[in-house]
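Q: Sharing a model prediction with you, sequence too.
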Amino acid sequence: MDELGLAGIPAAKPPLAADFAPFGEPILPEEVAARLSENFYKQLEDSCEDRVPQAISRAEIYVGAVLRRFKEPYNLDNKVIREVVLIHTIYELHIALGHEEAGREFRVKARDIILAAWGNFPDSDTPPKKSATASVAVPPKRKSPWR
């Protein structure tokens, strides 16, 4: 750093966690449990009390990133945002157990709600569009002297 002449210049990163702190009533594990049958919830919880709060936290970060892309306020009192976080929480619970195929329908449902509410956004399920990297000029065909 000294050879670049940058020594002593203060630098700070803004806290990322504050960007994804939603307003409104927090989502509790009991609300997630109310969405599922008792047996299904127990299966997804997998006898681990921390699993559901961690899934809620991951879902909130994902939804926060999507809302930031659309420049939408992150308010859990908004019914659409709350629904997306709840559905994505169930997806996260499936992923935590390694049941990606079983959780896919929840991811698709959450994505469909986002598309209906705010429009299209890049998603990991959608391959990026490929553009032409080069163009080739093909010369016109010559007439054969034998014809």
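A: Structure received.
Q: In contact with the most centrally placed residue in the chain, which residues?
A: Geometric centre of the chain, nearest residue: Y62, 4.1 Å, by Cα atoms, centre = their mean. Y62 sits next to H88 when contact means Cβ atoms under 8 Å, 6 or more residues apart in numbering. C-beta: built from backbone N, CA, C; applies to glycine.
Q: Which of the helices or strands spans it?
A: Assigned by DSSP states H and E, Y62 belongs to helix 51-69.
Q: what is the rounded mean pLDDT of that helix?
A: For helix 51-69, the mean per-residue pLDDT is 93.
Q: what's the answer for stretch 103-113, then?
A: Averaging pLDDT along stretch 103-113 gives 92.
Q: So which bits of that stretch are buried?
A: Neighbour-count burial for stretch 103-113, counted by 16 or more other Cβ atoms under 10 Å, picks out G103, F106, R107, K109, A110, R111, I113.
Q: tell me which of these is nearest to S57?
A: For the buried residues of stretch 103-113, the residue nearest S57 by Cβ to Cβ is A110; the value is 15.8 Å.
Q: is it fair to say the closest one lies in a helix?
A: Yes - judged by DSSP: H, G, I helix; E, B strand; the rest coil, A110 forms part of a helix.
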